[in-house]
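In: got a predicted structure plus its sequence, pasted below:
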Amino acid sequence: MENDVLLSVSGLRISFRSPSGTVRAVNGVSYEVRRGEVMGIVGESGSGKSVSAYALMGLLPRTARIESGSVRFEGRELLGLPEREMENLRGSEIGMIFQDPMSSLDPVFRIGDILSEVIRSHEPRVKKKEAWARGVEMLRSMGIRDAENAARSYQSSLSGGMRQRVMIAASLLLRPKLLIADEPTTALDVTIQDQIIRLLREEKEKSGMSILFITHNFGIVADICDRVTVMYGGHVMESGTVNDIFYQPAHPYTRALLRAVPRVDSSRREPLKTIEGQPVDATNLPAGCVFSTRCVHCGGLCRREQPPVRTVGHEHTASCWLLTEGGAENG
Amino acid sequence: MKNEKSPRSRAVRIFFSDPWSVAATAVLLLLVLACFVLPFFLKYSYLDTDFTIKLQGPSAEHPLGTDLLGRDMVARLAYGGRFTLGITALATVIAAVIGGVLGLLSGYWGGRLDFYVMRVVDALSSIPSLFLAIVMECALGWGQGNFVYGLAIAAIAPFAKIVRAAALDVAGNEYIEASRALGASGLQVMRRHVLHNVLPVFIIQIVNCLADTLIICTILGYMQVGINPPTPEWGNLFHLGKDYIRSIPRLTFLPVAAIVLTTVSLNIVGNGLRDSLSTTGGDR
Amino acid sequence: MAENVIQVEHLSKTFSAVASDGRRRLLRAVDDVSFAVGEGETLGLVGESGCGKTTLGRSVLRLTEPDSGRILFRGADIKKLRDMRPMRRKMQIIFQNPAGSLDPRTRVGDIVAEGLELHRIGANRAERRGMVRDLLELVGLTAEIAGRYPRELSGGQQQRVGIARALALDPEFVVCDEAVSALDLSYQGQIINLLEQLRDRRGLSYLFISHDVSVVRHISHRIAVMYLGRFVETGGADEVAQHPAHPYTRSLLSAVPIPDPELAKARERTVIPVEALSAPAPDRGCRFSVRCPSCTARCLEAAPELREIAPEHFCACHLYD
C-alpha cells in the first residue's frame, strides 16, 4: 500500500503576515494522494484549501511562512527544495491549472508557441517543428477540433472554455504524475464546466495520473473525485471516500454543508438549511475546535480543546469530539 | 480585525509603522522648521555682506561659514530653503487645484469634455516639464510671481492625468451604480463617493508633485532663469558655489545636500502613503 | 399573482463592441425581450456569461438606457420619464460583488442611510439612524455594525448590507443580479432564505438573475432561460426544470453537477459542442443553431418565436412548431 502513495502532506502549518496580525491559514493539515486517483479538497474561502497546494508547488507569496510539516512527493521531501529543482519538478512531474486561464496564458505568444516552449524548456533537444506538432496533437486530444488553427491563434481570440483546455494541454504536455487543479472550472459556464470535468476524467483514465482537485462545489466533487478531504479554518474536518462523505458524513460541518447545497433536481419549497454565524477569523482562532463557533452540537469540551482525528470507518476519518468516547460527556 | 477603525486611522497606523516613512517625515518637518522658523532667530540676514570675513570656515559666529561676499551660510541656506520650499509648495497647490478639478470632471463625466480637456493635457505633457517651465517663464515675463505660475502650469498635466485615471477607476465600481440606483444625481454621487475615493491618489500625487517641482525649481535657479541672486534659493546657491567646488566644497555641498535630502524624503513619504492608503493593501 | 408590478415589452439594447477578431460589431445584448413579474413573484433569469442577462436587469431599471421597448411599472411607462430619480424608490437592485458594491470608505450606517438621505426620508439624522438600525436588524445584522467599514465584514455580512441598502427605500421590485453567486456555500443559503423571507413578508417582486440553475430553481416561481440576448424558454420553475423543452435548456440542466456520486454517475448528458474559436452569433436563423444537436435547415433560415407548448410554458424552437 505504501507504494501507492504519490504525494503525502503531513502536519503542514502555514501562516501569513498581515497588518491585522498573523493569519493562521493552514494549521496541521495532513492528506495523501495515491497513484491514479482524484483527491478532492473541498472548503469555503478561507479554509486554506488552496494555500496547502500552493505550498507544495513552492508558489507561496513572500508574506507566507511554512512553520512546520512535510510534503513528500514519491518519498522525496519538497519543502526546502532548492528553487532550481522545484522548477524542474513543476511541469514535468507536477502540473497545475488555475481558476483564471486568462492570466496564466501570455497574450503576446501564439498558443502553439506557448505549448512548444513548455516542451522545449524541459527537453531542449526537441526541434521546434516537432514541439509544435506535439502541441497541436495535445490540443486535438483536448477535444479542440481545428487544433492547427487554435495553435496559430492568440489567447485573446479564444473563449474561456478554450483557454482552460489550452491550459490543461500545457500542463499535461510533459505527462506529469500529479495534476493540481485549483478551482479550474469556477470561472466557466456550466456547460463548459461539464466538458472540462469530463476531459480531466478521460485524461486521468488514459495516463493514470493523479489529480488533486481543489473546489468549493460539491456537485463537481461527486462527479470526479475518488476521495475527499473537507477543510475548514485551516484544519481537516473530515476525510474519506466520495461515498463516505456524501452518504455517511460524520462531521457536523460536512453534514451542514451538504444540506446547504441547493439542488437542481429537487423542487422543495422550504427554506434551505444553513450554517449560521460567521467563519472563523484566521488571525484569532478559537482554542478548541475551529468549527465550534458555528456548530449546533457544540459543547464545553469543543470550545476548550481541539478534537483528535478519529477513524470512523475504513479510510474514513473525522475530527470531532462527538465521535470520541469523551464526546459523550460533552453533549 | 475587531478593533479596526476607519480607513484613515488605519492608513495612519500603517504609515507610521514603517520606520523609513517616519524618518522621512521627521526630516521634512525639521527642514521646514529650519527654513521657516529659524530665520526669525538668526543674527544675520541673508543680505548682510561683510567682505572682511568672506569665504570663512565654520566658526562660533558663523556655524557653516560664510560665502564669497561674507554672508552667513546658515542664513543663506535657511532663507534659500524658504524660497525654494515656499515656491514649490505654492506651485503645487495651484497645479493641484487646477489639475485636480480638470482630472475629476474629465474622468467622472467623460464624453466631449473629457476629450477636449485631455487634448490640452496631452499638449502640455508633450513638452518636458522643465522646458515647459522655462517657456512659461519667458512667456509670462520674469518675476517671482510668474515663476510660480510657470512651475504650476508645468505640473498640471500629470495631476490631471492621474486624478482622471483615479476617477475613471472609481466610476467603474458597483457602489457608484448602486448610488445611482438609489436615485443620486451625478453631483451627489461625486460628492458622496467619488471625491473621498479619489482623495488618496490625490494626496500621493501632491507629494510626488512637490518632489518634481522642487527639482525643476532648483534646476532653473541653477541655470539662472529662476529665482536670481541676491535672493537666495537652493538652486542658485548651488550655482554660486560651483566655482569653488575644489577649494571650498562646502558652498556646493550644502545646498545640494538640502535638495537631495528633501526630494529623497518626499519620495519616501510618497511611497509610504501609497502603501498605506490603498484600502486593500497590506492584507494577506 | 394578481397584478403585474413590472411589465417589459419588446426591450432591446445594442452595444457597439470590439469582437475577438478586432473588428467592431453591433452586439445585440438584449433582443426583443418581453416579460412580466407579478406582485410577490420571483422571475428567475438563467443564462451563461454573455447572454445579456445583466444588461437586461440594468435596462429594466434604466441604469443602462435601453434602445427600444416599453417598461411598465404598475401600468405606467417609466421609459418615458424624464427624471427617473423619484421612481428609484420603487425599484432597487442587489449586486453580485458584495465588496465592490459597497463604498470602502463609507461606514455601513451611512451606506444604508444613503437612500434615505437622497429621498429625504426621516426628519433628521437621529430618526434616520433609528431606521438604519431597524433595517440592519431586518437583514439579520446587529446595529453595532453600523459604525464599521465594509472591509471589516465577511462576504455574507457585506451582502446583507447591500440588501439593507436596497430595502431602505421600501421598494416593490428588486433586481437581484447574481446576488448570491460570489458567496460561500454557507452564506448562499442564508442569503437565499433572507431574500425569500423578505419577499414573503413584504410582498416584494424579484427579477432574480443568476447563472446557477440550482439556485434559480430554488428561489423562483417562474424561470426564463436566456441565450445570446433572447428568451428561449419560459415557464413555471418546476415545469422548466423537470420538462425542459428547448435543446439549450436541456443541455444546461444536464450539465449542472449534482452533489450525489451515484446519481452523477448514472446521469445522461446532453452534450453540446463548443466551437474552437469564440464565434459571433449567426445573423440569421436561430441563435443556438451552431451548437444545437437537433439543428435543421429551417433553423438556419428563420428565427423561432416563443410559443406556448404547454400551459404557461413557452419555448422558442422549431421542434415545437
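Out: Arrived safely. Just so we're clear, the structure is a prediction, and the values are computed from it rather than from any experiment.
In: quick one, strands of the stretch 1-150 of chain A?
Out: A:5-18, A:21-34, A:38-42, A:64-73, A:76-77, A:94-97 (DSSP state E, counting those that start in this stretch).
In: the stretch 51-200 of chain C too?
Out: C:68-73, C:76-77, C:91-94, C:173-177.
In: show me which residues of the first one are buried.
Out: Within strand C:68-73, the residues that qualify as buried by neighbour count (16 or more other Cβ atoms under 10 Å in any protein chain shown) are C:69, C:71-73. Using the backbone N, CA and C atoms, a C-beta is placed for each residue, glycine as well.
In: could you identify the longest helix within the chain?
Out: Looking at chain A here, since you left the chain open. What stands out as the longest helix in chain A, according to DSSP state H, is helix A:190-207.
In: oops, I was thinking of chain C
Out: Longest helix in chain C, counting by DSSP H: helix C:185-202.
In: where does pLDDT dip in the chain?
Out: Here I'm looking at chain A. A:1-3, A:101-102, A:268-269, A:325-331 (pLDDT under 70).
In: actually it's chain C I care about, not the one you picked
Out: Scanning chain C for pLDDT under 70 picks out the ranges C:1-2, C:19-21, C:268-281.
In: quick one: name the residues of it near chain B.
Out: Residues of chain C lying close to chain B (Cβ under 8 Å from any Cβ of the partner chain) are C:58, C:61, C:63, C:84-86, C:88-89, C:92-93, C:95-97, C:100-107, C:114-115, C:118-119, C:148-149, C:151-152, C:162, C:165, C:169.
In: show me which of those residues are buried.
Out: Going by neighbour count (16+ other Cβ under 10 Å), the residues of chain C next to chain B have C:58, C:61, C:63, C:84, C:88-89, C:92-93, C:95-97, C:100-107, C:114-115, C:118-119, C:148-149, C:151-152, C:162, C:165, C:169 buried.
In: quick one, which of the strands of the stretch 1-150 of chain A is nearest to C:Gln7?
Out: strand A:38-42 (43.1 Å; Cβ to Cβ).
In: Three-state assignment for A:Ile180, please.
Out: strand (DSSP: H, G, I helix; E, B strand; the rest coil).
In: just the C-alphas of stretch B:88-103, formatted as CSV.
Out: Taking Å, rounded to 0.1, in the frame of the first residue of the first chain, the C-alpha atoms of stretch B:88-103 are listed here in CSV:
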residue,chain,number,x,y,z
THR,B,88,7.4,74.7,-4.7
ALA,B,89,4.5,74.4,-2.4
LEU,B,90,2.6,77.3,-3.9
ALA,B,91,3.1,76.0,-7.4
THR,B,92,2.0,72.5,-6.3
VAL,B,93,-1.2,73.9,-4.7
ILE,B,94,-2.1,75.8,-7.8
ALA,B,95,-1.4,72.8,-10.0
ALA,B,96,-3.3,70.5,-7.6
VAL,B,97,-6.4,72.7,-7.7
ILE,B,98,-6.5,73.1,-11.5
GLY,B,99,-5.2,69.7,-12.4
GLY,B,100,-7.5,68.0,-9.8
VAL,B,101,-10.6,69.7,-11.0
LEU,B,102,-9.9,69.0,-14.6
GLY,B,103,-9.0,65.4,-13.9
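In: list the buried residues of that stretch.
Out: Quick answer for stretch B:88-103 (16+ other Cβ under 10 Å): B:88-92, B:94-96, B:98-100, B:102-103.
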